[in-house]
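Undergrad: Make a model of this:
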Amino acid sequence: MNNISLQSSTTAKPLRFKNGKIKIMHITDTHYFYDNVDASVWLLACACDREKPDVVVVTGDNVDNCPDAKDTKYLIDKLMSVFDERNIPVAITFGNHDSERGAMSREELMAYYNTHSSSISVDDGDELSGCGTYNIPVLSSDGSLVVFNLWIFDSNDYDDEGHYGCVLPDQVEWYKRRSDELKNANDGNTVYSLAFQHIIVDDVYRALKKTKVRIPFSYHHMYNKKEFYSFYRDGINFGALTETPCSGYHNYGQFDAMVEKGDVLAMFSGHDHTNAFAVRYRGIDISNTVSSRYNRDRFSSQYGYRIITVDESDTSVYKTNVVHWYGMFKSADAKALISSGDKFGAELVKNVIKNGLKQRLLQTLLRSLGTVFGFRRITYPDC
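TA: Numbering: from 1, shown residues only. As a prediction, the model looks like this:
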């Protein structure tokens, strides 16, 4: 095998398997504002201390882009400090909200993220549409070969008609070229990979069951309110579909290209704050991760993050699970925080536990209703 050239401007610094494994934390839709940033950062820091990930991928709608760039930079600093203080590499891309208003463009935002020591993000410059489309090679434990890869895509913000954006044709062509380069440099062997972006591909609707009438716990098509979608009973499903998948309006063949190249095991998106599911379609898992913020609203306790683990001994498979904020703590944790003098953390943990109990009871009720009235499961093993 030959080692792979890392000279392209759209290739990030490589990562490396450690003791034969790599652990990836996916966080998304942090939506940091002045009124939620302290609680959200506190929980994120706890998550990083608990998981000790090898890399974090952040997929958009990261912080409020304020009228004054100084305020935006303050929020970015709060987010990135979690990773800087723990020496965790972090890869950033953007969502639809990051630059739809405020003082800073996507390029200015990326430049500021890259002032932080933890950032391994890439500004693809004029080479590609958007800002933040790149790949991250993963080296073997001994550092001699590229044996895995992470694709990071800017799914853009909105199209000319105001619909949600998607990965554009030049980005698709870039992916196809780079996939071939990776394969050719690997003696013709596929370099398996995972893909991350903010907005889910509209191919998700072809992976779900369509009906012309609404059945219990189904959701309408993003752009056609007369079509309704739910899990196929006999399909390969994981997690829970709890809201309409908010895909882009156009489709320029990103998913088809990945099927053709055969290197992508799964695509991970955010954007839909409460969806935590995966459906397997044409050999690829189309997945969504819950929002990673805490707002004290009724959904906040079920927000959280995703962990993905790949073993160097077989990079053609991966393991993943979603961790909800309410699953991180026990009552004893609040008492310990009070004893340590962290009153803020103790109060936050109490709220997460209390709201999490309500959320779990609601989920149990919904599962029962889905079985009785929908004659089918509406949730599946965690993804």
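
Undergrad: from here on, contacts and neighbour counts on C-alpha atoms
TA: Will do.

Undergrad: Let me see the ranges of the helices in the stretch 101-250 of the chain.
TA: 106-113, 169-184, 204-207 (DSSP state H, counting those that start in this stretch).

Undergrad: so how many other residues sit close to V147?
TA: 25 (other CA atoms under 10 Å).

Undergrad: if I look at it, how far off is L362?
TA: 43 Å (CA to CA, to the nearest Å).

Undergrad: Got the confidence number for T11?
TA: Model confidence at T11, expressed as pLDDT, equals 89.

Undergrad: Please report the distance of it from V349.
TA: 39 Å.

Undergrad: ditto for H97
TA: 29 Å.

Undergrad: Show me which of those two is the more surrounded one.
TA: A direct count of neighbours by other CA under 10 Å for H97 and V349 places V349 higher, at 26 against 20.

Undergrad: tell me the angle of the one helix or strand E260 maps to relative to helix 169-184?
TA: Per DSSP states H and E: E260 is located in helix 254-261. Using axes from the mean of the first three to the mean of the last three CA atoms, to 10 degrees, the inter-axis angle of helix 254-261 relative to helix 169-184 is 20 degrees.

Undergrad: mean confidence for helix 254-261?
TA: Helix 254-261 comes out at a mean pLDDT of 98.

Undergrad: any low-confidence regions in the stretch 1-150 of the chain?
TA: Regions of the stretch 1-150 of the chain meeting the criterion pLDDT under 70 cover residues 1-9.

Undergrad: count of residues packed around E85?
TA: With other CA under 10 Å as criterion, E85 counts 11.

Undergrad: Look up how far L79 lies from it.
TA: The value you get for E85 to L79, if CA to CA is used, is 11 Å.

Undergrad: Same check on K52?
TA: Using CA to CA, K52 is found at 16 Å from L79.

Undergrad: returning to that earlier point: just the CA coordinates of the helix holding E260, formatted as PDB?
TA: This file holds the C-alpha atoms of helix 254-261, laid out as PDB (Å, rounded to 0.1, in the frame of the first residue of the first chain):
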ATOM      1  CA  GLN A 254     -24.700  13.300  -3.400                       C
ATOM      2  CA  PHE A 255     -26.200  10.100  -2.000                       C
ATOM      3  CA  ASP A 256     -26.200   8.300  -5.400                       C
ATOM      4  CA  ALA A 257     -22.500   9.200  -5.700                       C
ATOM      5  CA  MET A 258     -21.800   7.600  -2.300                       C
ATOM      6  CA  VAL A 259     -23.700   4.500  -3.300                       C
ATOM      7  CA  GLU A 260     -21.600   4.300  -6.500                       C
ATOM      8  CA  LYS A 261     -18.300   4.700  -4.700                       C
END
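
Undergrad: Please give the element, helix or strand, for F277.
TA: strand 276-281.

Undergrad: Remind me what that strand packs against, helices and strands.
TA: Here strand 276-281 touches helix 204-207, strand 237-240, strand 284-288, going by 3 or more CA pairs under 8 Å, 6 or more residues apart in numbering; DSSP states H and E.

Undergrad: Now mean neighbour count and distance to L369 too, for the helices of the stretch 101-250 of the chain, in JSON lines please.
TA: As requested, the helices of the stretch 101-250 of the chain are arranged in JSON lines below (neighbours: other CA atoms under 10 Å; distance: least, CA to CA, whole Å):
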{"stretch": "helix 106-113", "mean neighbour count": "18", "distance to L369": "44"}
{"stretch": "helix 169-184", "mean neighbour count": "18", "distance to L369": "42"}
{"stretch": "helix 204-207", "mean neighbour count": "17", "distance to L369": "24"}
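
Undergrad: C-alpha coordinates for stretch 67-81, CSV please?
TA: Output of stretch 67-81 as CSV, limited to C-alpha atoms (Å, rounded to 0.1, in the frame of the first residue of the first chain):
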residue,chain,number,x,y,z
PRO,A,67,-25.0,42.0,14.9
ASP,A,68,-21.6,42.7,16.7
ALA,A,69,-18.9,40.2,15.7
LYS,A,70,-17.4,40.6,19.2
ASP,A,71,-20.5,38.9,20.7
THR,A,72,-20.3,36.1,18.1
LYS,A,73,-16.7,35.5,18.9
TYR,A,74,-17.5,35.3,22.6
LEU,A,75,-20.0,32.5,22.0
ILE,A,76,-17.5,30.7,19.7
ASP,A,77,-14.9,31.0,22.4
LYS,A,78,-17.2,29.4,24.9
LEU,A,79,-17.9,26.5,22.6
MET,A,80,-14.3,25.9,21.6
SER,A,81,-12.9,26.3,25.1
